[in-house]
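> after the sequence you'll find the predicted model.
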Amino acid sequence: MILNPYLTPILLLVGSNLFMTYAWYGHLKGDPKPLWFAVLASWGVAFFEYWLAVPANRIGHQVYSAAELKTMQEVITLAVFAGFSVLYLGEKLTLNHGVGFAFIALGAFFIFKGPIP
């Protein structure tokens, strides 16, 4: 199987973030379970996140710098979290969230833009 080092890391990071977001925030919905149970269940879910995140970084480092991979991770995390919080947790996103996310996107732009002369 031939893996595209430009696209594969992005797809794997999206998948890993779906697992991680659920692991970190999924227990906030429904009847609260004991904290020890939430931690162990979250740890179990996060195990699968690592099976996607580690290969994403290994494959992606062929063509992206570590800083670019970390920036992708953060932007993807915010996008997945925004969707999760609205669709699963039923929370609303506000203008403040949009402005904050825009500043993070601006930071991502500068990471990928390269050195400023």
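Great, that's in hand.
> tell me the gap between the helix or strand harbouring Leu40 and the middle of its chain.
Here Leu40, judged by DSSP states H and E, is contained in helix 35-60. Relative to its parent chain, helix 35-60 has a centroid offset of 11 Å by CA atoms, centre = their mean, to the nearest Å.
> and what of stretch 97-111?
The answer for stretch 97-111 is 15 Å, by CA atoms, centre = their mean.
> what mean pLDDT does it have?
Taken as a whole, stretch 97-111 has a mean pLDDT of 90.
> just the CA atoms of it, as CSV, please.
C-alpha atoms of stretch 97-111 as CSV (Å, rounded to 0.1, in the frame of the first residue of the first chain):
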residue,chain,number,x,y,z
HIS,A,97,-14.9,31.2,19.8
GLY,A,98,-14.7,32.2,16.2
VAL,A,99,-12.3,35.1,16.9
GLY,A,100,-10.1,32.9,19.0
PHE,A,101,-10.1,30.1,16.4
ALA,A,102,-9.3,32.7,13.7
PHE,A,103,-6.2,33.9,15.7
ILE,A,104,-5.0,30.3,15.9
ALA,A,105,-5.6,29.9,12.2
LEU,A,106,-3.5,33.0,11.7
GLY,A,107,-0.7,31.5,13.7
ALA,A,108,-1.0,28.3,11.6
PHE,A,109,-0.6,30.5,8.5
PHE,A,110,2.7,31.9,9.7
ILE,A,111,4.0,28.4,10.6
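> quick check: buried residues in it?
Using 16 or more other CB atoms under 10 Å as the test for burial, stretch 97-111 gives Phe101, Ala108. Using the backbone N, CA and C atoms, a C-beta is placed for each residue, glycine as well.
> what of stretch 75-93?
For stretch 75-93, by 16+ other CB under 10 Å, it's Val75, Ile76, Thr77, Leu78, Val80, Phe81, Ala82, Phe84, Ser85.
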